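> Dropping the sequence and predicted coords here.
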Amino acid sequence: MTPTFPKPSELATASRHLVDVPFEGDGAATGALNWGQQHILGAIRNLGSPMNMCAVRELTPPASVQDFADELRFYLERFQAMRTLLRFSPDAPPVQEVLAAGLAPLEVVDLPADADAARAAAELVAEHEQRPFDDENELPIRMVLVRRDGVLTHLVTVLNHFATDGAGAFVMYEDYLRRDPVTGAVPEPVRTHPLDLTAQQASPAGRRQSDASLRYWEKALTSLPPTGQPAPVEREGARYRRVALRSVPMMLGATRIAHRLECDVSAVLLALFSTALARVTGTRPAAAQMLVSNRFRPGMADVVGNVSQTGLFVVDVAGATVDEVVDRAQRAVTRTYKHAYFDLAQWRELLADVERKRGEPLALCYYNDRPSQRSGTAPGREPSAEAVRAAAAVPTPATWTELPFFNERLMVTIDNVDEAGDAIPLLVYADTWHVPPEDMEALARLMESLAVAAACDPGTPTGIV
């Protein structure tokens with residue numbers, strides 16, 4: 001048998017150099033972190049991962065280095081988040097500093113004529129996804145140009161997730177595309193920067209919003225029955241694991257239910273998750289934390305920054321059909337969104353107080369529907385019941401992955417649909433000392449089977465009395 005060896009890196013023979021890009025911008029100031037910034041900074045630290053966001057753009061001649069120096073300057077000068085550094089001290093919360101001016105590096109990677117430029121760009125993405133930003137000294141945007149035999153082929157853009165989320169990144173690029181081709185200006189100024197949110201949240205109106213949200217959390221959490229959680233059980237194999245199902249039956253079933261109920265697929269998936277969670281874990285009502293984007297709030301749709309916070313979702317799934325739970329879940333998630341905007345320090349104090357009174361940790365599951373964080377999931381064409389049954393007749397394989405670390409006991413993620421668009425990518429992550437692997441897979445399989453059953457029979461019960 002002929003041995004195989006990994007191909008050498010396309011970057012091994014590349015040369016790299018930096019181009020300094022000067023910038024100047026308004027709004028230079030120092031201030032506290034806003035609630036969304038506090039949330040994402042905590043998430044990055046808890047996960048132990050930089051969570052960098054990377055994008056690759058394929059370039060066509062006659063692109064020049066100066067073009068992208070101008071693009072980088074545009075982002076830095078228009079968006080204060082892109083020229084913000086953090087300042088840490090041992091005895092005080094971190095603060096942010098918006099710079100008035102400075103130099104930003106634009107990296108150029110030169111490849112020989114026989115190099116695979118697309119592969120080199122992919123290697124750069126892999127490199128930068130794992131290279132943390134130096135929050136105190138490094139601007140939160142990196143741009144890297146790939147040049148082969150003197151011709152620019154790719155641009156790799158890397159954003160520090162602390163500085164913005166995916167929606168904010170799209171705002172940046174859309175503004176760049178809308179700029180005046182001569183002056184480089186955009187007709188209207190940026191309405192809200194991260195420091196503006198800090199000021200709004202410290203205002204009387206901001207305090208009232210936070211207080212109302214925390215009252216909702218306290219009332220909902222104290223109403224949850226005790227679970228009598230058992231002690232963790234050490235199991236063989238990796239402690240932290242993920243099971244993935246790429247489920248065609250769930251996509252078809254949820255789509256058919258969405259057509260019947262005239263809602264989006266995300267609402268159906270939330271009901272399926274709630275029902276499966278209650279049945280597998282025995283917790284009633286079903287309760288979970290979820291990431292909520294606050295971009296629906298006035299003036300926050302176009303913020304280049306992080307505006308997501310944790311929401312608390314609680315829904316009763318007992319004595320109902322799956323269709324009825326879809327309606328209940330939609331009303332419950334409205335309350336979740338309304339109360340996912342609050343002072344993070346006070347929220348942590350509230351959780352600790354509730355846990356002390358309950359005498360046990362809350363340990364809520366985390367639910368993350370990534371497509372719904374943008375604009376919901378459109379139903380698409382309505383499948384027939386026969387198509388749903390035919391898809392369910394083909395077993396969906398489960399793919400297991402061992403994780404080096406995971407910071408939740410249980411998390412269910414609906415991932416972004418791939419190019420084929422014919423399946424729901426369902427991921428269940430867990431600390432198996434608290435949630436055994438068989439329960440992880442059972443939860444995923446139950447969501448799938450409920451989707452099939454309810455798609456074919458509107459009277460399908462949740463199975464919870």
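Yep, that arrived.
> Geometric centre of this structure: which residue is closest?
Closest residue to the average C-alpha location of the chain: residue 370 at 6.1 Å, with Cα atoms, centre = their mean.
> Quick one: the strands in the stretch 351-465 of the chain, in order.
For the stretch 351-465 of the chain, applying DSSP state E, counting those that start in this stretch gives strands covering 365-369, 398-403, 410-414, 424-431.
> Mean neighbour count and mean pLDDT added to those strands, as CSV?
In short, each C-beta sits where N, CA and C put it, glycine included. Output for these, formatted as CSV (neighbours: other Cβ atoms under 10 Å; pLDDT from 0 to 100):
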stretch, mean neighbour count, mean pLDDT
strand 365-369, 21, 95
strand 398-403, 12, 97
strand 410-414, 22, 96
strand 424-431, 23, 97
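> could you dump those strands to TSV with distance to residue 343?
What follows is the strands of the stretch 351-465 of the chain, written out as TSV (distance: least, Cβ to Cβ, whole Å):
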stretch	distance to residue 343
strand 365-369	21
strand 398-403	32
strand 410-414	24
strand 424-431	28
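> isn't the residue nearest to the centre of the chain right up against residue 412?
No - at 11.5 Å, residue 370 does not count as touching residue 412 under the criterion of Cβ atoms under 8 Å.
> rewinding a little: burial check on the residue nearest to the residue nearest to the centre of the chain when sequence neighbours are not counted, number of neighbours?
Sequence neighbours aside, residue 416 is the residue nearest to residue 370 in space, at 5.3 Å (criterion: Cβ to Cβ, 6 or more residues apart in numbering). Residues near residue 416, counting by other Cβ atoms under 10 Å, number 10.
> beta partners for the spatially closest residue to residue 290 that is not a sequence neighbour?
Distances taken as Cβ to Cβ, 6+ apart place residue 367 nearest to residue 290, at 4.7 Å, with adjacent residues excluded. Legend: beta-bridge partners of residue 367 under DSSP bridges are residue 290, residue 412.
> so who does residue 367 touch?
With contact taken as Cβ atoms under 8 Å, 6 or more residues apart in numbering, residue 367 is in contact with 270, 273, 288, 289, 290, 313, 411, 412, 413.
> I'd like the residues you listed as a markdown table, with distance to residue 94 appended.
Shown next, in a markdown table, are the contacts of residue 367 (distance: Cβ to Cβ, whole Å):
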| residue | distance to residue 94 |
| --- | --- |
| 270 | 34 |
| 273 | 35 |
| 288 | 29 |
| 289 | 24 |
| 290 | 26 |
| 313 | 29 |
| 411 | 26 |
| 412 | 31 |
| 413 | 28 |
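> Relative to residue 301, which of those residues is nearest.
residue 290 (19.7 Å; Cβ to Cβ).
> can you list the weak-confidence ranges in the stretch 301-450 of the chain?
For the stretch 301-450 of the chain, the stretches flagged by pLDDT under 70 are 373-378.
> Could you check how far residue 98 is from residue 193?
Residue 98 sits 8 Å away from residue 193, going by Cβ to Cβ, to the nearest Å.
> shared neighbours of the two, anything?
Residues touching both residue 98 and residue 193 (Cβ under 8 Å, 6+ apart): 27, 80.
> With residue 400 as the reference, measure out to residue 130.
Computed with Cβ to Cβ, the distance linking residue 130 and residue 400 is 23 Å.
> now swap in residue 19 and tell me
Per Cβ to Cβ, residue 19 is found 45 Å from residue 400.
> all helices in this structure, in order from the N-terminus.
Applying DSSP state H to the chain gives helices spanning 35-47, 65-78, 117-129, 166-178, 194-202, 204-223, 248-261, 265-281, 322-338, 344-358, 385-392, 437-456.
> Averaged pLDDT, the fourth one. What do you get?
It refers to helix 166-178. Mean pLDDT, helix 166-178: 96.
> The first one too?
Averaging pLDDT along helix 35-47 yields 94.
> Would you mind listing the buried residues in that helix?
Within helix 35-47, the residues scored as buried using 16 or more other Cβ atoms under 10 Å are 35, 36, 37, 38, 39, 40, 41, 43, 44.
> again with stretch 207-226
Neighbour counts over stretch 207-226 (16+ other Cβ under 10 Å) mark 209, 210, 213, 214, 216, 217, 220, 221, 224 as buried.
> And stretch 340-360, by the same measure?
For stretch 340-360, a neighbour-count test (16+ other Cβ under 10 Å) marks 340, 341, 342, 343, 344, 347, 350, 351, 354 as buried.
> pLDDT at the closest residue to the fourth one other than its chain neighbours, what is it?
Of all residues not flanking residue 343 in the chain, residue 210 sits nearest, at 4.4 Å (Cβ to Cβ, 6+ apart). For residue 210, the model assigns a pLDDT of 98.
> Against residue 290, how distant is residue 210?
Residue 210 is 19 Å from residue 290, by Cβ to Cβ.
> now residue 33
For residue 33 relative to residue 290 (Cβ to Cβ), the value is 22 Å.
> cool, and residue 456?
Residue 456 sits 28 Å away from residue 290, going by Cβ to Cβ.
> circling back: ok, of the buried residues of stretch 207-226, which one's closest to residue 297?
Of the buried residues of stretch 207-226, the one sitting nearest to residue 297 (Cβ to Cβ) turns out to be residue 209, at 9.0 Å.
> In contact with the closest one, which residues?
The contact partners of residue 209, taken as Cβ under 8 Å, 6+ apart, are 341, 342.
> does residue 144 really touch residue 127, like I thought?
No - at 9.2 Å, residue 144 does not count as touching residue 127 under the criterion of Cβ under 8 Å.
> So which of those two has more stuff around it?
More crowded of residue 144 and residue 127, by other Cβ under 10 Å: residue 144, with 23 against 15.
> beta partners for the more buried one?
Listed beta-bridge partners, residue 144: residue 107, residue 156 (assigned using DSSP bridges).
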